[in-house]
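S.K.: Okay, here's the prediction I keep looking at, along with the sequence it came from:
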Amino acid sequence: MNNEDDEEELTDYTRLLNKKKLKRNQKHESTQDPERGQDALFECLNMPSILQKSACRGTLTSTGWIQITLNKGTHLHTVGFSHQRETMLYPEEAAFLISRNALMVTDKDNHQVSFEDMCMVMDQDPWLTLDKYWVYAYLKRLGYIVMRSKPIITQGHIMEHTIKKKVKGPLVWNYACRNYDQVYSTLSIVLRNPWYKPFDHWLMDWDVYKPRPTWKKKDPGPPDFRILVNNARDPMPTIDTFNALFSNDIEQMIALVGDAEGVVFLKIEGTT
């Protein structure tokens, strides 16, 4: 491929700055100046986003939740929850709506909260991770209804299932440990971090519903499928954990989040 072919394949971003609508059968005068096209691209990226006319408004609370102060449109039909007679949003719900220009959030000083600020709020949530948000946003863009999954198993269920199969098994049943620090942390009687629960690691993350007119937020019913989020670099659940997780009738999936591959969904059935 020569340089002439490369120039022909360059995208002309200057057309994005054209305020006039092209008439039918009228062609845009393309420019062959790469620097001008690059400047046009950066100018478009730096343009402030415009809120939808039906955008909701909310306030960031000290808990990291967003309290809705103005509800407009249909954005909150499938997101949010009620707390002390107020409509609240989880950080991932607010971040997604902000990215779609459907929500404006302010802090206690009445400063507007951007999507980047919401990423910092999500980072402070002990349950939420960036991988979980990518899966959430991916499914939301596809039109699914996504909610935080309710616990379907407990520490006792996993331990009982493992002990029955391996009464004389190793002292550390969580085979995801890679070094002695993780082993000692798992065996610790008094956990130093109140949010660290090694035996509750393999719990489902998202309950996913197919969009349907009869769906109700107050009574969603059983999900169409549940999703466990796992980074592609992290170890996969063990066979014993699979048996404990996938022991119900609801379809289960694993969402593998990679650096370049995006999100890959794996459907895994029980291995009993």
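M.R.: Yep, that arrived.

S.K.: show me where this structure has helices.
M.R.: 3-9, 34-45, 91-99, 115-124, 130-141, 155-165, 180-187, 239-245 (DSSP state H).

S.K.: Compare the ones you listed and say which comes out lowest on pLDDT.
M.R.: Ranked by mean pLDDT, the helices of the chain bottom out at helix 155-165, with a mean of 42.

S.K.: what about stretch 257-265, start to end distance?
M.R.: 9 Å (C-alpha to C-alpha, to the nearest Å).

S.K.: I'd like the numbering to begin with 2 instead of 1 from here.
M.R.: With 2 as the first residue, the last one maps to stretch 258-266.

S.K.: That one - what's its average pLDDT?
M.R.: 82.

S.K.: And for the nearest residue to residue 224 once chain neighbours are set aside, the neighbour number?
M.R.: Once flanking residues are discounted, residue 224 sits nearest to residue 208: 3.9 Å by C-beta to C-beta, 6 or more residues apart in numbering. (C-beta placed from N, C-alpha, C; glycine too.) Residue 208 has 20 neighbours, counted by other C-beta atoms under 10 Å.

S.K.: Quick one: residues contacting the nearest residue to residue 95 once chain neighbours are set aside.
M.R.: Nearest non-adjacent residue to residue 95, counting by C-beta to C-beta, 6+ apart: residue 67, 4.3 Å away. Residue 67 sits next to 59, 60, 61, 89, 90, 92, 94, 95, 104, 106 when contact means C-beta atoms under 8 Å, 6 or more residues apart in numbering.

S.K.: ok, so what distance separates residue 67 from residue 215?
M.R.: 27 Å (C-beta to C-beta, to the nearest Å).

S.K.: for residue 139, same thing?
M.R.: 25 Å.

S.K.: of those two, who's got more company?
M.R.: For residue 139 versus residue 215, the count of surrounding residues by other C-beta under 10 Å is larger for residue 139: 16 against 5.

S.K.: List the residues that contact the more buried one.
M.R.: Residue 139 touches 263, 264, counting by C-beta under 8 Å, 6+ apart.
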